[in-house]
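Visitor: the sequence and its predicted three-dimensional model are supplied below.
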Amino acid sequence: QEHMKLARKAVQQYTLLKNINKEKHNSNSTKMNHHVLPRRGNDGRAYQDPTYFDVLCGRSKRAFDHPGNHIFRAKIAKRMDEYTKCGTRSGKSTIILSVISSVTDNGGNFLKYDSEKEMWYDGGTSTAKIRVSTAFRDASIPNKNKSMDRLRKDSSI
């Protein structure tokens, strides 16, 4: 039940954000940037605190419940039929890249957690591709994620 509520909330949030972005685009305002400048570590990684639009990579409850992940799952649900009907590898890659673009165009990143430093960092394009393709794969498995099944049925975005 709780997952169903979260999935519906994600659809509502995504729709709200989509409308906000349309208004901002129509008013010729600059791109939304919600990130504080990242902190560079000695390893070259850009460490940052997660923001509303970021997708947190991982299997934790925090990652699952993060608003950016709710929005991300709604985007996956919206494109799921197109992805499963796509017969070519290049077509699926195009869909994956468009999902990544929709996250980054809203100011989000795909963040990974460094357990040694206890900080989040931008995983880059390779992490994003893996995260999106895994989300599509998991969503296509029946009963793998019941909230995704429900989200696909209820999705009107």
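Guide: Sure thing, it's come through.
Visitor: and residue 95, how far is that from residue 68?
Guide: Noted for residue 95: a distance of 19 Å to residue 68, by C-beta to C-beta, to the nearest Å. C-beta: built from backbone N, CA, C; applies to glycine.
Visitor: between these two, which one's more packed in?
Guide: Neighbour totals were compared for residue 95 and residue 68, and residue 68 leads with 24 against 17 (other C-beta atoms under 10 Å).
Visitor: which one is that one nearest to, not counting chain neighbours?
Guide: Nearest residue to residue 68, sequence neighbours excluded (C-beta to C-beta, 6 or more residues apart in numbering): residue 54, at 4.5 Å.
Visitor: does the one you found touch residue 71 like I think?
Guide: No - Residue 54 sits out of contact with residue 71 when judged by C-beta atoms under 8 Å, with a separation of 9.8 Å.
Visitor: the helices in the protein, which residues?
Guide: 2-26, 61-65, 67-85, 89-105, 124-140, 146-154 (DSSP state H).
Visitor: what's the mean pLDDT across the third one?
Guide: Summarised as a single mean, pLDDT over helix 67-85 is 93.
Visitor: what residues sit buried inside that helix?
Guide: If you call a residue buried by 16 or more other C-beta atoms under 10 Å, then helix 67-85 has these buried ones: 67-80, 83.
Visitor: relative to residue 111, which of those residues is nearest.
Guide: Relative to residue 111, the closest of the buried residues of helix 67-85 is residue 68; by C-beta to C-beta it sits at 8.7 Å.
Visitor: mind listing what that closest one touches?
Guide: 50-56, 103, 108 (C-beta atoms under 8 Å, 6 or more residues apart in numbering).
Visitor: farthest pair within those?
Guide: 50 and 103 (12.8 Å).
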